[in-house]
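> pasted the sequence and its predicted model underneath.
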Amino acid sequence: MRKESNGNWYTARLRVRYQESDQMGVVYHANYLNWFEIGRTEMIRQMGYTYRKMEEQALLLPVTGLDVKYHKPARYDDEIIIFTRITAFSGLRLNYEYDIRRMSEEDDASLAVGERVWAHDESLPGERLVTGSTQHVWVNTDWKPVRLDKVASELYSALEKVWFSGKE
């Protein structure tokens, strides 16, 4: 990876749905992977880009690696915030980190999801439930690796801007 560090945190909010939990009211472990994807998608959207636009440019971003650590279970009807940030990127690869947290009423009052970016060194609110990371590679629709800086300079510049804003 050409650029490595910890960028700013972007947020996405959700409430645990009944279908995501088992009979004990505990979230099934694989649902956190879907929440990682929600975090990535919303981060890109908050940057002013969309996955749809990437696909229209014949760009795909498949997962090539995944790490996850379960700290505490999420439960049915919990208010959840998915914190997502870029930890490394280059013209070919992109890595994300996630911190999924349960919000309390006190935390919720001060949190404007989608309107606030959390600095890389700022304490995150809520109770930590799951942490993880994903690694990705840029490919075209034929699944051949591509250099983002060559095929989608606007998106590359947006990522670079987000990257450097976390370094100030």
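It's in. Residues are numbered from 1 along each chain as shown.

> so the closest residue in space to residue 68 that isn't next to it in sequence: helix, strand or coil?
Nearest residue to residue 68, sequence neighbours excluded (CB to CB, 6 or more residues apart in numbering): residue 132, at 3.9 Å. Just so you know, the C-beta spots here come from the backbone N, C-alpha and C atoms, and that holds for glycine as well. The assignment at residue 132 comes out as strand when based on DSSP: H, G, I helix; E, B strand; the rest coil.

> got the contact list for residue 132?
Neighbour list for residue 132: 32, 36, 66, 67, 68, 69, 97, 98 [criterion: CB atoms under 8 Å, 6 or more residues apart in numbering].

> contacting residues around the helix or strand hosting the fifth one?
What that stands for is residue 68. Secondary-structure assignment from DSSP states H and E places residue 68 in strand 63-70. Under the criterion CB under 8 Å, 6+ apart, residues 29, 32, 33, 129, 130, 131, 132, 133, 134, 135, 136, 137 lie in contact with strand 63-70.

> output the residues you listed in JSON lines, with distance to residue 44 and pLDDT appended to each entry.
What follows is the contacts of strand 63-70, written out as JSON lines (distance: CB to CB, whole Å; pLDDT from 0 to 100):
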{"residue": "29", "distance to residue 44": "25", "pLDDT": "93"}
{"residue": "32", "distance to residue 44": "19", "pLDDT": "96"}
{"residue": "33", "distance to residue 44": "17", "pLDDT": "96"}
{"residue": "129", "distance to residue 44": "23", "pLDDT": "98"}
{"residue": "130", "distance to residue 44": "21", "pLDDT": "98"}
{"residue": "131", "distance to residue 44": "20", "pLDDT": "98"}
{"residue": "132", "distance to residue 44": "18", "pLDDT": "98"}
{"residue": "133", "distance to residue 44": "17", "pLDDT": "98"}
{"residue": "134", "distance to residue 44": "13", "pLDDT": "98"}
{"residue": "135", "distance to residue 44": "16", "pLDDT": "98"}
{"residue": "136", "distance to residue 44": "12", "pLDDT": "97"}
{"residue": "137", "distance to residue 44": "16", "pLDDT": "97"}
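
> can you put these in JSON lines and add distance to residue 120?
JSON lines is the format used below for those (distance: CB to CB, whole Å):
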{"residue": "29", "distance to residue 120": "27"}
{"residue": "32", "distance to residue 120": "22"}
{"residue": "33", "distance to residue 120": "24"}
{"residue": "129", "distance to residue 120": "20"}
{"residue": "130", "distance to residue 120": "19"}
{"residue": "131", "distance to residue 120": "15"}
{"residue": "132", "distance to residue 120": "17"}
{"residue": "133", "distance to residue 120": "15"}
{"residue": "134", "distance to residue 120": "18"}
{"residue": "135", "distance to residue 120": "19"}
{"residue": "136", "distance to residue 120": "20"}
{"residue": "137", "distance to residue 120": "24"}
